[in-house]
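Undergrad: got a structure for you, letters missing:
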């Protein structure tokens, strides 16, 4: 059982840009993300691309199940035509988890869950440069919580870092 847990928690090696591709390309690491509150907050989601026009900037939008659309990140394009866009924590909480953020009396962030997160499934991440309109796409998979993710979220609720509220 311990071996199974260790093997199932291993992730695939990070993707790398293919230097043999001459046109625009994009990758995302990790390729699969879990929709647990703590897991999502702690996961560093990074889009990297190459083959874009220097001096421009890119916007990354996700389209997925049930016509779900999410703006994930933006980044400037470097002089070598590459970019690196890290999805901000607030975007992960407010867009992916569809939650809000508030503060407690100690001015610590509290994640307020009042609705389900975006649907599980495969999302197409489309990168488009603002001026030159170059595009590239890659897939990003959203999966549900594991038992460990649920346990972490439960502990977050007990410690007051996560609040669950029903919408009226």
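TA: All right, it came through fine. Predicted model only: the values in this text are computed from it and were never measured.
Undergrad: residues contacting the residue positioned nearest the centre of the chain?
TA: To find the centre residue of the chain, average its C-alpha atoms and take the closest one (CA atoms, centre = their mean): that gives residue 45, at 4.9 Å. Contact partners of residue 45, counting by CB atoms under 8 Å, 6 or more residues apart in numbering, are 28-30, 33, 72-73, 86-87, 92. For the C-beta atoms, the positions are set from N, CA and C on the backbone; glycine is no exception.
Undergrad: Kindly recompute the last result at 6 Å.
TA: Residues counted as contacts of residue 45 (CB atoms under 6 Å, 6 or more residues apart in numbering) are residue 87.
Undergrad: Look up how far residue 147 lies from it.
TA: With distances taken as CB to CB, to the nearest Å, residue 45 is found 22 Å from residue 147.
Undergrad: what does the model give the residue nearest to the centre of the chain for pLDDT?
TA: Note on residue 45: pLDDT of 96.
Undergrad: now the one 5 residues further on
TA: pLDDT recorded at residue 50 is 94.
Undergrad: The residue nearest to it when sequence neighbours are not counted: how many residues sit nearby?
TA: Counting by CB to CB, 6 or more residues apart in numbering, residue 82 is the residue found nearest to residue 50 once chain neighbours are left out, at 4.6 Å. The burial metric for residue 82, expressed as a neighbour count using other CB atoms under 10 Å, is 16.
Undergrad: how much space between residue 82 and residue 19?
TA: For residue 82, the distance to residue 19 (CB to CB) stands at 11 Å.
Undergrad: now do residue 114
TA: As defined by CB to CB, residue 114 lies at a distance of 45 Å from residue 19.
Undergrad: who's more crowded, these two?
TA: residue 114 (13 against 8).
Undergrad: And the pLDDT for the more buried one?
TA: Each residue has a pLDDT score; the one for residue 114 is 91.
Undergrad: Report the contact partners of the closest residue to residue 18 other than its chain neighbours.
TA: Excluding the flanking residues, the one nearest residue 18 by CB to CB, 6+ apart is residue 25, at 6.5 Å. Shown here is residue 25, whose contacts under the criterion CB under 6 Å, 6+ apart are 50-51, 136.
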